[in-house]
Every structure is written in C-alpha cells, then in structure tokens.
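*Asks:* Sequence and predicted structure are below.
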Amino acid sequence: MNIFSKTKLIFIFFLTITSFFAYSQSNVFKVTLDAGHGDHDFGAVYSGRIEKNIALAIVLKVGKILELNPNVHVIYTRKTDVFIDLVERANIANRANSNIFVSIHCNANKNTAADGTETYVMGLSKVASNLEAAKKENSVITLEKDYKRKYEGYDPNSPESMIGMTLMQEEYLDNSISLASKIEDNFEKLGKKLRQGGVKQAPFMVLHKAYMPRVLVETGFVSNPAEGDILNSEAGQDDIAQAIAQAILSYKREYFGTGAPEVNEVKPAKDTSVPAKPKTVETTPKAVVKDAPKGTFFKVQLIASIKKTPLEPKNFKGLKNVTMIYENNIYKYFYQETSDYEIAKKYLQEAKNKGYGASFLVATKNGEKINIQDAIK
C-alpha cells in the first residue's frame with residue numbers, strides 16, 4: 001500500500017470517528033440546573049429554614065436522578081455554597097448550548113399561611129403576586145459588583161422596567177410552558193404534601209438571559225411552618241426532586257425521545273379519590289392545519305416567537321422550506337416535512353448544525369399535532 005492510500009485510509013477513519021462523535025453529542029439532552037442564591041445571598045430564611053441550602057439540596061438530587069440516563073448531560077450553575085451572578089447563571093446554560101434551563105428556588109411571604117408550588121415561565125405580567133415574586137428574586141443583582149452597569153436600564157424595585165431592556169418576545173414560550181406544566185402536574189401527584197399552585201408568568205432576570213426553554217420553580221414556601229418543614233426535610237426534598245426530574249425526562253421523551261424508557265423512571269399511581277384540578281394556564285383546542293395532507297408527518301420546529309418573521313432563508317440562517325403556523329398567540333416556525341422518521345432526524349441535525357440548538361421534531365397526523373412517540377410507533 002502506497003503512502004497516498006495509507007493517508008486516505010487514515011483520513012477516512014478520522015472522518016468516521018469525528019462524525020460518530022458529533023452524532024453522539026447531538027443526541028445528548030443537555031439540562032442546566034440552577035440552585036438559587038448562595039454564599040452571602042441566603043435567600044429567604046425562616047426559623048432555620050434557609051432557601052439557598054434547600055435549593056442546592058434539591059438541585060443535586062434532581063441531577064443525580066437525571067445522570068442515571070446516559071443520553072442526559074447535566075450542567076450545574078453551582079454545586080457548592082458559592083455566589084453566582086444572575087447573568088452568569090444564564091450564560092453557563094448558553095455556553096453549554098443546553099436544551100433546557102431549570103432554576104430552583106423556595107418562596108416566602110409575610111403571610112405565613114401562604115403555601116403551594118409555582119413554576120414560572122418568562123413573561124410580562126400585571127399580576128401583583130407574580131411581580132412581587134420576580135422582584136424578590138431579581139433583587140439579588142444588588143449584591144453583585146457593578147450591577148448598575150451590567151443591568152443598565154433595569155430597576156430591581158420595578159420588574160416591569162425589563163420592557164425597556166427590549167424584552168418584547170419569548171422565542172421559547174411554548175416549550176417553556178410545556179415543561180412548567182409537566183413539573184406542576186407532578187407536584188399535584190404529591191397529593192397533600194404540597195399544594196400545586198400552577199404555571200405563571202413573570203419577568204425574572206435569570207430567565208430573561210437564558211436562550212432556551214426555561215423555567216423557574218418555586219418549590220414551596222419556607223415561610224409556612226408546615227410546608228417549610230417539608231422543604232427542609234430529606235424525604236420532602238426527595239419527593240420534590242423526583243417530581244422535577246421525572247417532568248424533565250417526560251419533556252425529553254416528548255420532544256427529543258427515541259421511544260426508549262429512561263433509567264429510574266417512576267410512574268406515580270393515579271389517585272382516583274381526588275378529582276383533577278383545573279389547569280392554571282389557559283389552553284386552546286389543538287390546532288389543525290387546514291388542507292393538510294392525510295397521514296403522519298414529521299417536521300423540525302426551529303423556534304416559537306410572538307414576532308412574525310418573513311419566510312425567507314436569510315431570516316433562518318439559510319434554511320429553505322421554512323413554514324409557519326400561528327397558534328396560542330405564538331408564531332411557530334418549522335423546517336422541512338417528511339413521513340420518514342429517519343429523514344426527519346437528518347433534517348433536525350441540519351437545523352442544529354445551523355445554530356438552532358433547541359430545535360426539535362414535532363409530528364402531525366392529518367394536520368393535527370400528536371405526540372412524537374405515538375407518531376414513531
């Protein structure tokens with residue numbers, strides 16, 4: 001064998017290994033977990049119940065469950081008692097090109113009877129209690145060095161001032177609500193241990209700076225003696241961590257799954273004695289695309305935004321055959337369409353290679369959206 005042939009074989013081998021590695025990496029579901037507060041920022045403190053410690057304990061437990069799954073990679077903003085700037089927490093997720101960002105906190109109120117979980121998605125709200133929650137969490141920035149320069153135009157005492165920071169769109173609202181709903185649904189399954197408070201919107205700074213589907217979980221009120229004791233207990237933290245972790249795995253299965261079950265999947269038994277509570281977030285009937293071809297099809301969802309964008313390749317990083325539907329006051333943009341799942345996965349990889357790291361496959365049957373796992377079956 002001559003030198004040219006040997007060089008060619010080495011090149012082909014190297015290219016194969018590189019391609020395999022790249023493909024393997026693309027199939028990894030990246031989750032950034034953020035434990036609120038830390039170090040000199042204690043968060044809410046009531047009768048020895050300290051938010052920063054509870055949030056970190058829950059995050060580490062959630063991460064431990066997720067890390068049992070080989071296709072899930074967990075990134076932590078902190079694993080010890082340290083202080084991390086709000087913008088840096090989001091940037092950790094951004095640099096990792098995470099698929100989702102989950103920030104975990106505890107709630108508090110002067111009214112010690114206040115209780116219940118709340119999972120927030122990014123949004124501008126006129127609800128006083130939502131704004132108060134955002135104000136409390138956003139006030140952390142005053143503990144950061146040079147915060148006035150870093151957050152120029154933002155007033156910590158007025159969450160609404162985020163409007164002046166060009167926060168006029170939420171590209172991942174649809175997916176954020178889906179993830180938040182799964183978390184709250186799992187909290188509801190805990191029964192009497194924690195009251196499920198529902199999905200809400202508020203302008204949280206840490207969510208504003210993260211560029212992927214993201215939620216902020218208020219796991220309960222440390223100011224409430226009974227609920228605070230649950231949050232501060234090993235058993236309570238285990239239950240909460242399990243609820244959050246299983247919601248994340250459920251989200252992964254729906255948007256990034258291959259049909260294979262995750263490790264340590266726990267399916268709580270249904271409580272038939274308690275009627276289901278109404279959803280907190282208003283929903284609309286499933287959108288059905290008129291004149292859609294009959295059959296099951298896959299396509300890549302690139303982004304969801306309140307902003308309408310002309311369907312030109314230059315607006316979508318050169319991608320052609322981009323379509324759009326308007327649903328739930330959100331414009332959703334899709335790339336390609338095929339009835340072949342294997343081809344659909346190639347389209348998904350193309351989108352990710354173009355920079356749409358949070359893109360995912362969706363499926364429709366006769367024009368109506370269905371679960372991706374049902375479509376694969």
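*Replies:* Thanks, I have it. Residues are numbered from 1 along each chain as shown.
*Asks:* pLDDT weak spots in the stretch 51-200 of the chain?
*Replies:* Applying pLDDT under 70 to the stretch 51-200 of the chain flags the ranges 124-171, 192.
*Asks:* residue ranges of the strands in it, please?
*Replies:* 72-76, 100-107, 117-122, 196-202 (DSSP state E, counting those that start in this stretch).
*Asks:* buried ones in the third one?
*Replies:* Think strand 117-122. By 16 or more other C-beta atoms under 10 Å, the buried positions in strand 117-122 come out as 117-122. C-beta: built from backbone N, CA, C; applies to glycine.
*Asks:* Tell me which residues touch residue 193, please.
*Replies:* 230, 236, 239 (C-beta atoms under 8 Å, 6 or more residues apart in numbering).
*Asks:* Tell me, what's the model's pLDDT at the residue nearest to the first one when sequence neighbours are not counted?
*Replies:* The reference is to residue 230. Using C-beta to C-beta, 6 or more residues apart in numbering and skipping residues adjacent in sequence, the residue nearest residue 230 is residue 236, 3.7 Å away. At residue 236, the model reports a pLDDT of 95.
*Asks:* measure residue 236 to residue 57 for me?
*Replies:* Distance of residue 236 to residue 57, given as C-beta to C-beta, to the nearest Å: 10 Å.
*Asks:* what's the pLDDT at the nearest residue to residue 371 once chain neighbours are set aside?
*Replies:* Nearest residue to residue 371, sequence neighbours excluded (C-beta to C-beta, 6+ apart): residue 254, at 6.3 Å. At residue 254, the pLDDT value in this model is 84.
*Asks:* quick one: which helix or strand includes residue 254?
*Replies:* helix 234-256 (DSSP states H and E).
*Asks:* ditto for residue 343
*Replies:* Judged by DSSP H and E, residue 343 forms part of helix 341-353.
*Asks:* how far off helix 234-256 does that helix point, in degrees?
*Replies:* 110 degrees (axes from the mean of the first three to the mean of the last three C-alpha atoms, to 10 degrees).
*Asks:* buried stuff in helix 341-353?
*Replies:* 344-345, 347-349, 351-352.
*Asks:* what do you get for stretch 210-227?
*Replies:* So, applying 16+ other C-beta under 10 Å, buried residues of stretch 210-227: 210-224, 227.
*Asks:* Which residues are in contact with the nearest residue to residue 96 once chain neighbours are set aside?
*Replies:* Spatial nearest neighbour of residue 96, excluding adjacent residues (C-beta to C-beta, 6+ apart): residue 75 at 4.7 Å. Neighbouring residues of residue 75 by C-beta under 8 Å, 6+ apart: 30-33, 92-93, 96, 98.
*Asks:* that older thread, going on from the helix holding residue 343, what's the next piece of helix or strand?
*Replies:* Following helix 341-353 in sequence, per DSSP H and E, is strand 360-365.
*Asks:* Using CSV, write out every CA atom in stretch 203-221.
*Replies:* The C-alpha trace of stretch 203-221 is given here as CSV (Å, rounded to 0.1, in the frame of the first residue of the first chain):
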residue,chain,number,x,y,z
PRO,A,203,-40.2,38.9,34.4
PHE,A,204,-37.3,37.0,36.1
MET,A,205,-33.9,38.3,35.1
VAL,A,206,-32.2,34.9,35.2
LEU,A,207,-34.8,33.5,32.7
HIS,A,208,-34.5,36.6,30.5
LYS,A,209,-30.9,36.0,29.9
ALA,A,210,-31.1,32.3,29.1
TYR,A,211,-31.7,31.5,25.4
MET,A,212,-33.6,28.2,25.5
PRO,A,213,-36.8,26.8,27.0
ARG,A,214,-36.5,27.8,30.7
VAL,A,215,-38.5,27.8,33.9
LEU,A,216,-38.1,29.0,37.5
VAL,A,217,-39.5,26.6,40.1
GLU,A,218,-40.7,27.9,43.5
THR,A,219,-40.9,24.6,45.3
GLY,A,220,-43.0,25.9,48.2
PHE,A,221,-43.0,28.5,51.0
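*Asks:* Would you mind checking the average pLDDT for that stretch?
*Replies:* 87.
*Asks:* now swap in stretch 41-48 and tell me
*Replies:* Stretch 41-48 comes out at a mean pLDDT of 92.
*Asks:* And it, what's buried?
*Replies:* For stretch 41-48, by 16+ other C-beta under 10 Å, it's 41, 43-44, 46.
*Asks:* Can I get it in PDB, CA atoms only?
*Replies:* C-alpha atoms of stretch 41-48 as PDB (Å, rounded to 0.1, in the frame of the first residue of the first chain):
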ATOM      1  CA  ASP A  41     -27.000  35.600  49.500                       C
ATOM      2  CA  PHE A  42     -29.100  33.400  51.800                       C
ATOM      3  CA  GLY A  43     -32.400  33.900  50.000                       C
ATOM      4  CA  ALA A  44     -35.500  33.500  52.300                       C
ATOM      5  CA  VAL A  45     -34.700  32.500  55.900                       C
ATOM      6  CA  TYR A  46     -37.400  31.400  58.400                       C
ATOM      7  CA  SER A  47     -36.800  29.600  61.600                       C
ATOM      8  CA  GLY A  48     -33.600  27.900  60.400                       C
END
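*Asks:* Need the residues that contact that stretch.
*Replies:* Taking C-beta under 8 Å, 6+ apart as the rule, stretch 41-48 contacts 36-37, 50-52, 55, 83, 105-108, 112, 136, 140, 143, 222-223, 225, 228, 232.
*Asks:* which residues in the stretch 251-377 of the chain form helices?
*Replies:* Secondary structure of the stretch 251-377 of the chain (DSSP state H, counting those that start in this stretch): helices located at 341-353, 372-376.
*Asks:* The first one to strand 360-365, inter-axis angle?
*Replies:* Compare the direction of helix 341-353 with that of strand 360-365 by the same axes, to 10 degrees and you get 140 degrees.
*Asks:* Output the contacting helices and strands for helix 341-353.
*Replies:* For helix 341-353, the packing partners by 3 or more C-beta pairs under 8 Å, 6 or more residues apart in numbering; DSSP states H and E come out as helix 3-26, strand 296-305, strand 330-338, strand 360-365.
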